[in-house]
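Peer 1: Task: produce atomic coordinates for the following.
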Amino acid sequence: MRSLLLIGDSISLGYTPYLKKELEPKYNLCRGGDVAKSLLNLEAAEYSNCGDSVKVINILKNEIDNGNYYDALLINCGLHDIRRTREMYLIQIQVPIDSYKENLIEILKLSKMISNKVIWITTTPVIDSIHNNREVGYLRYNSDVIQYNEVAKDVFKKEILIDLYDYIDKCNLYKYCDHVHFIDEVYKLQAKFISEFLL
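Peer 2: Predicted coordinates for the structure are as follows:
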């Protein structure tokens, strides 16, 4: 069975159990941390939730240091990079877009050290009016998602790219269980969509 390492944000945590089933017995899907525990707290910034592009770089360096190698690498980050603070008069983005591009270039370089097959998944849509209607937490804007996805498409243009954003948009799968995470029905469809690229 081929090994597949998935490094992704809390959205990927939602489709991980379904993707694992879709890929058996061809791929053994691996990811760091405790997925079941993370699903109980999707905002937790532990290994199973990759966080922003800076954290992905550290995860990849750890994999390299441990001498790990995989048949394929499935990777995504962006939702944490575009987080903006709520402080009045100071809406600062977590990872500016120029830094994001530099980080993705580094991510691609490091990824090639642990797998010959690197697959990038675009960041999923955000509905501004839903996400930013909360009184607490970070702000996110879909215009940032679109811009950061374009940067990722450019950096990973020679690799396999799974446009999950486009799939959700075209199929009108805007069914959320909270401010940004999807219902199980949508996660199952996402897993099926991603698995088609791998199988």
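Peer 1: mind listing what's buried in the helix or strand V145 falls within?
Peer 2: Assigned by DSSP states H and E, V145 belongs to helix 142-155. Neighbour-count burial for helix 142-155, with 16 or more other Cβ atoms under 10 Å as criterion, is recorded at N142, D144, V145, Y148, N149, V151, A152, V155. Glycine gets a C-beta too; all of them are placed from N, C-alpha and C.
Peer 1: May I see these arranged in a markdown table, with distance to N28 and pLDDT as well?
Peer 2: Rendered in a markdown table, the data for the buried residues of helix 142-155 read as follows (distance: Cβ to Cβ, whole Å; pLDDT from 0 to 100):
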| residue | distance to N28 | pLDDT |
| --- | --- | --- |
| N142 | 35 | 97 |
| D144 | 34 | 97 |
| V145 | 31 | 98 |
| Y148 | 30 | 98 |
| N149 | 29 | 98 |
| V151 | 31 | 98 |
| A152 | 26 | 98 |
| V155 | 27 | 98 |
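Peer 1: is it possible to export these to CSV including distance to T123?
Peer 2: Listed next are the buried residues of helix 142-155 as CSV, based on distance: Cβ to Cβ, whole Å:
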residue, distance to T123
N142, 10
D144, 9
V145, 5
Y148, 6
N149, 6
V151, 10
A152, 8
V155, 13
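Peer 1: Now for those: which two are most distant?
Peer 2: Taking every pair in the buried residues of helix 142-155 and measuring Cβ to Cβ, the maximum separation is 20.4 Å, between N142 and V155.
Peer 1: biggest strand in the protein by residues?
Peer 2: Longest strand in the chain by number of residues, with DSSP state E as the criterion: strand 2-7.
Peer 1: In its sheet, which strands sit next to that strand, and in what direction?
Peer 2: Sheet neighbours of strand 2-7, with direction, are listed as strand 27-30 (parallel), strand 72-75 (parallel) (DSSP bridges).
Peer 1: Confirm that Y165 sits in a strand.
Peer 2: No: membership of Y165 in a strand is not supported by DSSP: H, G, I helix; E, B strand; the rest coil, which gives helix.
Peer 1: List the contacts of the closest residue to it other than its chain neighbours.
Peer 2: Take Y165 and drop its neighbours on the chain: the residue closest to it by Cβ to Cβ, 6 or more residues apart in numbering is T122, 4.3 Å away. The neighbours of T122, taking Cβ atoms under 8 Å, 6 or more residues apart in numbering as the test, are N76, G78, N149, A152, K153, L161, I162, D163, L164, Y165, D166.
Peer 1: got it, and G78?
Peer 2: When contacts are counted by Cβ under 8 Å, 6+ apart, G78 touches D9, S53, Y100, T122, T123, V145, Y148, N149, A152.
Peer 1: circling back to that earlier point, can you tell me how far the residue nearest to Y165 sits from D166?
Peer 2: 7 Å (Cβ to Cβ, to the nearest Å).
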